[in-house]
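**Q** output the structure for:
(chains A, B and C)
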Amino acid sequence: MASPQRRAGRLTAGATTISAVKARVLVRPKAGILDPQGAAVERALPALGFAGVSDVRVGRLIELEVSDPARLEEMCERLLANPLIEDYEVLLDGAAG
Amino acid sequence: MSAVGSLPGVEQAIALGLTQDEYELVIESLGGRAPNEVELAMFSLLWSEHCSYKHSKKLLRTLPSSGGRLVLGPGENAGAVDVGGGLAVAFKVESHNHPSAVEPFQGAATGVGGILRDIFAVGAQPIAVLDSLRFGELDSERSRYLLEHAVAGIGHYGNSIGVPTVGGEVYFEGPYEHNCLINAMCVGLIETERLIRSAASGPGNLLVLFGASTGRDGIGGASVLASAELGEGDETKRPSVQIGDPFAEKKLMLCSLDLLERGLLVALQDLGAAGLTSAAAEMASKGGVGVDIDVARVPLREEGMEPFEIMVSESQERMLCVIEPDSLDAVLAVCEHWETAASVIGEVTASGLVRVLDGEQTVGEMPVAALVDDCPLYDLEPQAPTEAIYAAPRRVLDSSGEEDPGETLLALLRSPNIADRLPLFEQYDPVVQSRTVRRPGQSDAAVLALPARGEERPGIAIAIDGNGRRVAADPYRGTIEAVLECAANLACAGAEPLGLTNCLNFGNPEKPHIAWQLTESVRGLADACRAIGVPVVGGNVSLYNEGAEGPIYPTPVIGLVGELPDVRRAGALGFRAEGDRIALVGPFAPEIAGSELARLGGRELPTSLGELDIRRVLAAQGVVRDAVRSGSLASAHDIAEGGLAVALAECCLAGGLGAEVALDDTVKPLRALFGEGGGGFVVSGGEAALRALGGDGVAVRIVGSVSGARLTIWAGEARIELSLERMREAHGALRALFD
Amino acid sequence: MKFGVISFPGSCDDSDALAACSRVGEAVQLWHADHDLAGVDAIVVPGGFSYGDYLRAGAIARFAPIMTEVIEFAHEGGYVMGICNGFQVCCEAGLLPGALLTNISRRFVFRQVRVRVLGEPTAFTSGLTPGAELSIPVKHTTGRYFAPRATLARLHAAGQVVLSYAPGQNPNGSLDDIAGIVNEARNVFGLMPHPEHAVDELTGSTDGLSLFASLAAVAAA
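**A** Okay, the predicted model is just below:
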């Protein structure tokens, strides 16, 4: 069987500290900004037999583990999202094992 | 994981694609013992058709591959020709057909990634990419899907890495519906004396793997060897699709070229099909040495990878090099500068063996010769087919076309194989690196400037051309035609061919009629190369492109690189000035059979193509090339799909100018307008300049003038009169696919 | 006149920009990981796909070490020209208002387009007549200029819109056909078209040269 200790120098399980928190950041285009990707998806669904779909917006999901969840908002403001054109939502999943 | 535990047997061998006989040969090569899983995985990959060329190697040896301006021939990562000024141009074309059918975006993207690596693996800086694509008819949703995503994938990779896509072709024909063709060509520039080879040498030298980490990409079929049973949902752990990352490759490329420039490399090899297995085995084989590889030192991106997985992974954007131990610190410093990970994973030995280690344990040990040289080579058993292999194309048009030749011309202009390719080429960057003198659509070949030499402005021209339908009609003549057509494209730009690369896309060679197609095609290719005096620098073979619905058309795809002495005089295809005269140059013996018009009319393939007078065709190419170089022509365009009427329409549309042309009745109107074959050209320029053409027995006939905003052609009783606007509208048919 | 052209990991048109700048002055490469501006008179942030366009185009490059000095240089009035990806970096860094979004077509587009020179004169357009048309290629997937309506109004009122796509030439859906803008202080110029690919008649038009030449004339003075 494969040895779990196999890879030297790799960031894997074992590097996570006990108090790390899993978080998800959802980034989406601001309302009012034209989203051609969302529009394309909205056009494609009926062709596949899915009726009654509207207001499709396509965004981005960023998953991360952080030791200090209080800093997540600043991370979003400075890098993960562009507040001029995007809204973001931070979801905390609780402590990691 | 080790050789302890039960050995795989013949069943696994067969599941991995080996025949029973081949399995027994493996046992023999190992001195009578059965291979363990690591060894079986490695043998099965290296002895696969894709890696070993076992069905085509004997045939490929008949191709002329020396002489002329060749400086690096077949057998290395890419071949190269001398372009003067101490510079060489390395180039090659490769297929990525099967992965693209599964996932066209990534398949096409990684196809570009792979051929780029082949070019910088010999030390050349990639300066251009071209692509040849073939799909089923466009009324198939699947074909439209494949087209859209393949084009997006090529653009994604080429644009991101900063190598211009300067040319290419795309065709839509029924036999490619279930087996699309994605062939990618790359051209690179290098100082001739810097060309690096892949032969490992110097026992004690280190093997360094650099680039991306290794995961389970591309393992797919080898998963039958996994020791853990695959449960439901575990398919995700063994993806057969390779995912490309052009940003990683850019750093890898700059790192490789920097290492080379600093003289730190003994040998360099890219990891492509069969990953570490083929890279290590090939390097050892060429150098007549052995290699030890420790999989425990390979940086991984997945947990719990077994040694065989590490050896066969096709994770992208990785290179393997051989360095002297004293160079290690310098090498690691260069890699760090370019943010490229690097690890010493083994060393060169004098053992003549490929030894795979997992830390202290030996998990595989095979003679290099067994892996690379002992693979059996098969003789093809060609037999000409006695019945039609391909169904007639679906009829789209009244094939006579005589009642309304204007409508026929419009139908051809809007047909997918002729319509404007601009909607595709607009998705590629053709200008990055500032060398591009002729962008797609401006001439029949791409033209790039080489560094100036004093007052001189030398350049190269590049074209990629394949043919399936006409090769299916007549594999020998059709292939010669494909080569001559590619050379004609270069002539229109003012270039003389220096070297040829080819990708041979065929069905199952174990079937006699396919073996016949392949044998005849290679025979034609060899004869054509000798006729134009150009060596084959390297290439690729893709076989087994067929399924229950039948094989693809036999499709040799030809890439040519040529030189021009002065890029300021590069040819252009569009008419340039009101009042210029228009002439036909060269042999003019068009036939409807096998033409695009016949295809739209649902006609069956002819059983042969017309005679080709190669000497006359080449003489005409020479006349056109010389005239373009002298600057005496305003435009030059070869007559190809759709025949003369389409060629004239293309010249009008590219130049934004109309024309008036009158053809005599030596050739019947329909054939004169829409027939194909023969190797003629449409040129324009001043009357005196056109009259001065010819000699050497080359026919030159002035047939009209550039004028106005409509194209008018008289051919016997037939007459075409179409405005530029109407032609442009029809010609723009492909745009709707991308809106 | 000394130009500095930044090279980020993934920059593609840096060598093209160096070549273009070399036609009108001296040009040196500025490495992303350094903090040295080499005493240049003007900085070009080039086109390409810095950091693979990961997260958002220009989002990561904006934090490269050299950008500390570039931002300081700009705040002190130094001339900065951000071309394509460079425009995106400038917007992400707050040196220019607005943002670049995905083209309406969602596809990469290469096209030779005509742009018009507008607004009050700037160092970058000093050698050009207002209303002049330039033929310059665009090549991008993320070139649609966006700013909130109030910002756009301010830009127009202050003559900060310097280049606009000629009628019918807008390749990406940019609001108000905006192709290039300057900041309030008029020393930072961002544009989506690639003037460095319009400097040699052998490879296209030469209309882009005037932008570099104008800057050279002003910045060296």
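
**Q** for chain A, give me its nearest residue in chain B.
**A** Nearest residue of chain B to chain A, counting by CB to the nearest CB: B:G304, 3.6 Å away. No exception for glycine: its C-beta is placed from N, CA and C like everyone else's.

**Q** assign that residue to helix, strand or coil.
**A** Classification of B:G304 using DSSP: H, G, I helix; E, B strand; the rest coil returns coil.

**Q** pLDDT below threshold where in chain C?
**A** C:221 (pLDDT under 70).

**Q** which residues of it lie near chain A?
**A** Residues of chain C found near chain A (CB under 8 Å from any CB of the partner chain) are C:55-56, C:59-60, C:63, C:92, C:98-99, C:101-106, C:146-148, C:173.

**Q** of those, just the buried ones, ChimeraX syntax please.
**A** Selection of buried members from these for ChimeraX, criterion 16 or more other CB atoms under 10 Å in any protein chain shown:
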select /C:55,56,59,60,92,98,99,101,102,103,104,105,146,147,148,173
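
**Q** which of the residues of chain C next to chain A come close to chain B?
**A** C:S105.

**Q** which of the residues of chain C next to chain A fall within strands?
**A** Counted as lying in strands by DSSP state E, out of those, are C:A99, C:L101, C:F146.

**Q** out of the residues you listed, which comes closest to B:N179?
**A** C:L101 (38.6 Å; CB to CB).

**Q** ok, now which ones touch B:P246?
**A** By CB atoms under 8 Å, 6 or more residues apart in numbering or on different chains, the residues touching B:P246 are B:A109, B:G113, B:H156, B:Y157, B:G158, B:S160, B:I161, C:F49, C:G52.

**Q** just the helices in chain C please.
**A** Assigned helices in chain C, in chain order: C:14-22, C:65-75, C:85-92, C:149-157, C:209-219 (criterion: DSSP state H).

**Q** other SSEs contacting the first one?
**A** The criterion is 3 or more CB pairs under 8 Å, 6 or more residues apart in numbering or on different chains; DSSP states H and E, and the helices and strands that helix C:14-22 contacts are strand C:2-7, strand C:26-31, helix C:209-219.

**Q** what residues of the last one count as buried?
**A** By neighbour count on 16+ other CB under 10 Å, the buried set for helix C:209-219 is C:L209, C:S210, C:L211, C:F212, C:A213, C:S214, C:L215, C:A216, C:V218, C:A219.

**Q** what's that helix packed up against?
**A** helix C:14-22, strand C:42-45, strand C:79-83.

**Q** switch the ones you listed over to a markdown table; also include distance to B:I639 and mean neighbour count.
**A** Formatted as a markdown table, these follow (distance: least, CB to CB, whole Å; neighbours: other CB atoms under 10 Å in any protein chain shown):
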| stretch | distance to B:I639 | mean neighbour count |
| --- | --- | --- |
| helix C:14-22 | 36 | 23 |
| strand C:42-45 | 46 | 28 |
| strand C:79-83 | 42 | 28 |
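
**Q** need those in TSV (columns: distance to B:I592).
**A** Converted to TSV, the helices and strands packed on helix C:209-219 look like this (distance: least, CB to CB, whole Å):
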stretch	distance to B:I592
helix C:14-22	48
strand C:42-45	57
strand C:79-83	52
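
**Q** spell out which parts of chain B neighbour chain C.
**A** So chain B meets chain C at B:152, B:155-156, B:159-162, B:245-248, B:250-251, B:338-339, B:425-437, B:449, B:457, B:567-568, B:738-739 (CB under 8 Å from any CB).

**Q** can you give me the strands for the stretch 451-600 of chain B?
**A** B:459-466, B:496-505, B:536-542, B:546-547, B:550-551, B:555-564, B:581-585 (DSSP state E, counting those that start in this stretch).

**Q** what mean pLDDT does the first one get?
**A** I take that to be strand B:459-466. Strand B:459-466 carries an average pLDDT of 98.

**Q** go on, the third one?
**A** Per-residue pLDDT over strand B:536-542 has a mean of 96.

**Q** that one packs against which elements?
**A** Using 3+ CB pairs under 8 Å, 6+ apart: strand B:536-542 touches strand B:79-84, strand B:87-95, strand B:496-505.

**Q** let's have these in a markdown table, adding distance to B:N205, mean pLDDT and mean neighbour count.
**A** Output for those, formatted as a markdown table (distance: least, CB to CB, whole Å; pLDDT from 0 to 100; neighbours: other CB atoms under 10 Å in any protein chain shown):
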| stretch | distance to B:N205 | mean pLDDT | mean neighbour count |
| --- | --- | --- | --- |
| strand B:79-84 | 25 | 98 | 23 |
| strand B:87-95 | 24 | 98 | 28 |
| strand B:496-505 | 31 | 98 | 27 |
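
**Q** save those as JSON lines, and put in distance to B:I418 too.
**A** What follows is the helices and strands packed on strand B:536-542, written out as JSON lines (distance: least, CB to CB, whole Å):
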{"stretch": "strand B:79-84", "distance to B:I418": "32"}
{"stretch": "strand B:87-95", "distance to B:I418": "23"}
{"stretch": "strand B:496-505", "distance to B:I418": "21"}
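
**Q** okay, and which of the residues of chain B next to chain C map to helices?
**A** Those of the residues of chain B next to chain C lying in helices (DSSP H): B:A152, B:G155, B:H156, B:N159, B:S160, B:I161, B:P246, B:F247, B:A248, B:K250, B:K251, B:F425.
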